[in-house]
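> let's see this in three dimensions:
(2 chains)
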Amino acid sequence: MARDIETEVQALLPLAPAFLQILIALGEGERHGYGIMQDVTERTAGRVRMSPGTLYGSIKRMLAEGLIEELTTGAAGADERRRFYRITRFGRRVASAEADRMSALLSQARSSGLVPRRS
Amino acid sequence: MAGPSFAERVYRLLLRCYPGEFRDEYEREMLQAFRDRLHSDRRVGFRAIVRLWWQLVVDSIIRAPGEHLDVLGQDIRHALRSFRRAPVFAFTAIATLALGVGANTAVYSVVHAVALRPLPYESADRLVRIWEKNDALALSGFSASLPNYLSWRERSQTMRIAAWRAGNVTLRSTGDPVRVPSATTAADFFEILNVAPVAGRLFVPGDDAGGASRVAVITAALWRRHFGEQPGVVGSTVMIAGNPHTIIGVIGEDAVPSTAEFFMPLRVNPKEETRDNHVAQVIGRLNNGVTFQQAQAEIDAIARQLEAEFPASNKGWGITMSTLYDWAVPPEMRRALYVLLGAVCCVLLIACSNVANLMLARAAARRREIALRVAIGAARRRLVRQVLTEGVVLSACGGAAGVLLAYWSMPLLREWLPSTLPRATDAAVSAPVLWFSVALCTLTGLAFSLVPALAASRGDVIEALKEGARGSSSAGHRSRQLLASAQVALATILLVGAALLVQSLQRLEHVDLGFDPGGITAAMLGLPNDRYGDSNASWAFYERMLDRLTSSPGVTAAALSSGAPFGGGNTGMPINAVGPSRLNAEALQTDWRMVSPGYFSAMRIPLLRGRSFTGAAADGENRLVVSAAMARRMWGDEDPVGRQIKAGPNGLFTVIGVVGDVRNLDLSLDPAPTMYLSATRYVWPTMTVIVRTTGANAQPANLLRGVVRELDPQLALHNVRDMETLISESASQPRLNASLTGLFAVIAALLAALGIYGVLAYLVSQRRQEIGIRLALGASRTSVLRLFLRRGAGLAGGGLVAGVAGALAASRWIESMVFGVSARDPWTFAGAILAIGLVALCACYIPARRATRVDPLLALRND
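Next up, the predicted model:
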């Protein structure tokens, strides 16, 4: 059983950049669509700006993969007209697996001299 | 709140690029996100706004189609899953479509190769063929005389004209002498056709001058066959009739519209050529900017000039032109091909309606499931798209299978094709044919899923859920009944056509030939001028040859003719009666042949009056044997023996006998008036020798070759063929038409029967309760049987009426393809109606009988 989930997780790696950004945005809690867009913009200091098409296209796929889920009721104090999304446990595992993969890559880059080591 | 801003309206428009389902889900959110982002970007600056709009445009152009593909992928997966759950339906549908698309692909590949492909010559649409014609002599496309051709060439401002004379030469270089078809052509013949040599060079003006050295051009095929494709062939010498010819160049396949393999320049000796000796084929290229009509008008004017200048030879002779395409692929042949294509399209239509019926039946069975899906929120638009996708997937699978079927059957089909069909050997499932199949598949997929898709989009949800599996959507059912009737109509049309063509074929194959072809082998032989200068020397050789042949074992008869029946080509001339005749002073165009004295008995042509030639040379001098048709046309029922006719410049001939008519050219043409001269006195440069052998000697070809070689090793026999094969081949086009149409008619009838069966079976299953009630209330089982048979008869009857009307309308096109029977023959129609009626009756009977077996108790209980 555990091995099945692990293969499923690995099957999704490497994760599309947009997916990772959305997972990070949802890591702290539930958000609605524009909230995710805002969070990504702020975090990347304006370098990454998602369009509605990218966002909702990714949301649709991530819902299908089970990385995120939609809230059936509004979050506390939320605007009724918006839909809210939340990361799932599976989504967390995938995000963390991706982070592991990236940091392993970073160590390899450092040890080969491509990236200067942190002094 | 303010109405949507301009920017928002623009974004809404961009969002329309997304699939409907996606928009239903996320459009609101995307608009809201857009508003928020625009608001914040306005604060950042102009560049941010530009970047935003750029991203939105990219979304619409790149991501939106991605979403569409996603939906399509889902629909396809859903379709495949549902087919796996209903394998019988899927297999039946795909097999039906494979038959329809496969047959169409195969026929289309033939039609494309023969008629639709452009001709392989450069700017072939500017090329024309030119003939002389004489309406009084009923000659519509006759060879041209060389002096006339030269006059046209000089005088025409609208065309460049070149002529060639077809013939045969015996090639002597290495190895055995071999006889090849040849042509002597104008010096600019190759230039006008824009032919580029594969090796060496081609003729230039000057090569045909009187004193120029003798040059020749050969085809690549001859180079391969006879010269072993050796590089030194250009510049090598071959002997033709004792004269050395230097080969200066080689042309490729299909470079010129002639079957000749050896080309020499045409030298016209004005003293020898007369204006009334018609020997040449003529081709022309329209000058730039000249239309066909302009050229035709000019050449007509030239013909009239020549008529006025040379009344003795040119009176009554006009000129006729046709485009090269019309000559290569005659309109009647094209029509026959299109009729075949139409027939096979009928089969495809029937196949499509069968599959449509299957899908409608399936949809009716799934009404509940569909209604449930609609009830829980599936968009009708999505359902319609799913049905259409199912249809396209079915037709894609069926089409692929069909193309494979066609591809595998191409070698068989090519063998079946008559040799008279030009360019048919190239028929293959090529790129244009594949595109045709793809287009056909898509159209058929949409066609047969349209009706079920519309049926899916209509229909009351609540009613469907209440009724459950019972009850039928009347709209869907009416469509199915209409489709079944349409199938019957199409099958009727096909059956009438097939019956007419089969009858034509039978009549053609049993037509009276006028001679007995059994066991006859024919071969052609040409005696070169240098060693057989006059007719005495030629006849001496032939007489020895015939003696040798008749004394060979297994040979029952041997004879000679200047042109055997079905040998291709014809020789004829106008003649006039001397003294009173039915034609008075009018000339009669008569075919002529030079034959050995034993020809008529060898061919078993009956001698009707008078006598045939004796073996003496003097007996042949100025004497003729005529055919019954010629005697009848000239002198009616009076005895022609002893009468005289005037033929050509050589004077008077006396008729000594009358023989039966012989079909010389084509099975479907009535025998033409013919006159026979004795070969003891008149010999043609190329003669055909015929032998009749019994089964014992199974190698007449070898026998012929052996005898000729014994007598003169430098001679070569060519064009050896078996008469019965030749005759059978001449019926090959009608045979193809009849067999294919017959096959299609049978398939169509079967499919139509399936269609009626399906509709009636469904009807019975839907009305089980009603049947149960009737039986419970005392109705007899026969009355139930009659009820459903009547329904079936109504369906079939409607289809038959439409079919007969259609067949009558189509009779116009099939008229030119039938022989010996009218395209509106009432017996044929009656027979077809009867056949389809019987088939339909059988198809109705089975479900109707099942209706009578319904157990009233079970039927009433099943709710």
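> quickly note the distance from the residue in chain A positioned nearest to chain B to B:Ile61.
Relative to chain B, the nearest point of chain A is A:Gly53 (3.0 Å; Cβ to the nearest Cβ). Yep, even glycine has a C-beta here, placed from its N, CA and C like the rest. Per Cβ to Cβ, to the nearest Å, A:Gly53 is found 10 Å from B:Ile61.
> again, but for B:Tyr407
For B:Tyr407 relative to B:Ile61 (Cβ to Cβ), the value is 39 Å.
> so which of the two has more stuff around it?
More crowded of B:Tyr407 and B:Ile61, by other Cβ atoms under 10 Å in any protein chain shown: B:Tyr407, with 17 against 11.
> does that one sit in a helix or strand, and which one?
B:Tyr407 belongs to helix B:380-416 when elements are defined using DSSP states H and E.
> quick one: average pLDDT of the helix or strand just after that helix?
Per DSSP H and E, helix B:380-416 leads on to helix B:431-457 as the next helix or strand towards the C-terminus. For helix B:431-457, the mean per-residue pLDDT is 81.
> now do the contacts for the closest residue to A:Met50 other than its chain neighbours.
Nearest non-adjacent residue to A:Met50, counting by Cβ to Cβ, 6 or more residues apart in numbering or on different chains: A:Met37, 5.0 Å away. A:Met37 makes contact with A:49-50, A:52, A:55, B:33, B:36-37, according to Cβ atoms under 8 Å, 6 or more residues apart in numbering or on different chains.
> secondary structure class for A:Met37?
Classification of A:Met37 using DSSP: H, G, I helix; E, B strand; the rest coil returns helix.
> could you do the one 5 residues further on as well?
Following three-state DSSP, the label given to A:Glu42 is helix.
> so how far is A:Ile24 from it?
Distance of A:Glu42 to A:Ile24, given as Cβ to Cβ: 12 Å.
> now the host helix or strand of B:Val347 against helix B:380-416, angle please.
Assigning secondary structure by DSSP H and E places B:Val347 in helix B:331-365. Interaxial angle of helix B:331-365 relative to helix B:380-416 (axes from the mean of the first three to the mean of the last three Cα atoms, to 10 degrees): 140 degrees.
> immediately after helix B:331-365, which helix or strand?
Sequence order places helix B:367-375 as the next helix or strand after helix B:331-365, per DSSP H and E.
> where do the strands sit along chain A?
Along chain A, counting by DSSP state E, strands occupy A:31-32, A:68-70, A:84-87.
> single out the most deeply packed of the ones you listed.
strand A:31-32 (a mean of 22; mean count of other Cβ atoms under 10 Å in any protein chain shown).
> strand partners of it, parallel vs antiparallel please.
Note on strand A:31-32: by DSSP bridges, its sheet partners are strand A:84-87 (antiparallel).
> phi first, then psi, for B:Ile319.
Main-chain torsions, B:Ile319, degrees, to the nearest 10: phi -130, psi 140.
> ok, now B:Gly242?
Dihedral angles of B:Gly242 (phi, psi; degrees, to the nearest 10) stand at phi 80, psi 0.
> how about B:Ile690?
phi -120, psi 140.
> now, among the contacts of A:Met37, which is nearest to B:Phe744?
Ranked by distance to B:Phe744 (Cβ to Cβ), the contacts of A:Met37 are led by A:Pro52 at 56.3 Å.
> B:Arg37 is in contact with the closest one, correct?
Yes. With contact defined as Cβ atoms under 8 Å, A:Pro52 reaches B:Arg37; the gap is 7.4 Å.
> with neighbour numbers in mind, choose between those two.
For the pair A:Pro52 and B:Arg37, the greater number of neighbours falls to A:Pro52 (27 against 24), based on other Cβ under 10 Å.
> report the contact partners of that one.
Taking Cβ under 8 Å, 6+ apart, one finds A:33, A:37, B:29-30, B:33-34, B:37, B:56, B:59 in contact with A:Pro52.
> list the buried residues in the helix holding B:Val347.
Of the residues in helix B:331-365, B:333-337, B:339-364 count as buried by neighbour count, 16 or more other Cβ atoms under 10 Å in any protein chain shown.
> give me the subset of these that also touch chain A.
Applying Cβ under 8 Å from any Cβ of the partner chain to the buried residues of helix B:331-365, one finds that nothing falls near chain A.
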